[in-house]
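J.: Build me a model from this:
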Amino acid sequence: MKLITNESDDTRPTLDRVKEALFSMINQNIPGSVVLDLFAGNGALGIETLSRGASKVYFNDKTSRCSSIVCENLAHTNLLEKASVSTADYREAISILKKKGIRFDIILLDPPYGNGFVDDAIKLISDNSLYSDECIVVAEHSINDIMPETIGCFTKTKNKKYGKVCLSVYEIKEREI
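T.: Numbering: from 1, shown residues only. The predicted structure follows:
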């Protein structure tokens, strides 16, 4: 289905080949999962997880225009009842989600490039225990962004380049016995 997009310099849709690669990495983890799309834009990534069997997706974007577009796209795809949409800075959203006690199986991060938001978001997610035992964090970022091997309780397990875009996958570190 064709989704509404925000015609603005503030958002950048994920390229189809990057989206395809992302979902080939996490597809087996999607059925029944609880997902966080923290920098939602038009909601395409989170909506795709719903169409692949996620049980619930929490969408957040700091701009009300993007949050409205997410709601329109959810209504258009008949997936509104499986979603929660909020408008907040990502730090505030993480704080609110912590208070609600929600744990995520998949976390999608596609923030504006070059601002250090990915590192900071993963650290806050780790510090606030917003993850399930099998949580996977997938971050889209510029190839110019150097991503650390570990952030909080997460370790980078994959890093794939697609032109000027990278996907980094983080998973929970192995616990020592």
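J.: Can you name every helix or strand that the helix with the most length in the chain contacts?
T.: For the chain, the helix that runs over the most residues, judged by DSSP state H, is helix 64-76. Counting contacts by 3 or more CB pairs under 8 Å, 6 or more residues apart in numbering; DSSP states H and E, helix 64-76 packs against helix 44-51, strand 56-61, strand 83-87. The way it works is simple: take the backbone N, C-alpha and C, and place the C-beta from them, glycine included.
J.: Show me what the last one is packed up against.
T.: It stands for strand 83-87. strand 56-61, helix 64-76.
J.: and if you look at the first one?
T.: When contacts are defined as 3+ CB pairs under 8 Å, 6+ apart, helix 44-51 sits against helix 16-26, strand 34-37, strand 56-61, helix 64-76, strand 104-109.
J.: that older thread, got the helices and strands packed on strand 83-87 as JSON lines, with mean neighbour count and mean pLDDT columns?
T.: Formatted as JSON lines, the helices and strands packed on strand 83-87 follow (neighbours: other CB atoms under 10 Å; pLDDT from 0 to 100):
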{"stretch": "strand 56-61", "mean neighbour count": "25", "mean pLDDT": "98"}
{"stretch": "helix 64-76", "mean neighbour count": "18", "mean pLDDT": "96"}
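J.: closest to S129 out of the ones you listed?
T.: Of all the helices and strands packed on strand 83-87, strand 56-61 sits nearest to S129, with 15.4 Å by CB to CB.
J.: Just give the strands next to the closest one in its sheet, each with its orientation.
T.: strand 34-37 (parallel), strand 83-87 (parallel) (DSSP bridges).
J.: contacts for that strand?
T.: Applying CB atoms under 8 Å, 6 or more residues apart in numbering, the contact partners of strand 56-61 are 34-41, 43, 46-47, 49-50, 67, 70, 74, 82-88, 90, 93, 97, 102, 104.
J.: Please identify which of the helices and strands packed on strand 83-87 is closest to V137.
T.: Per CB to CB, nearest to V137 of those: strand 56-61, 14.1 Å.
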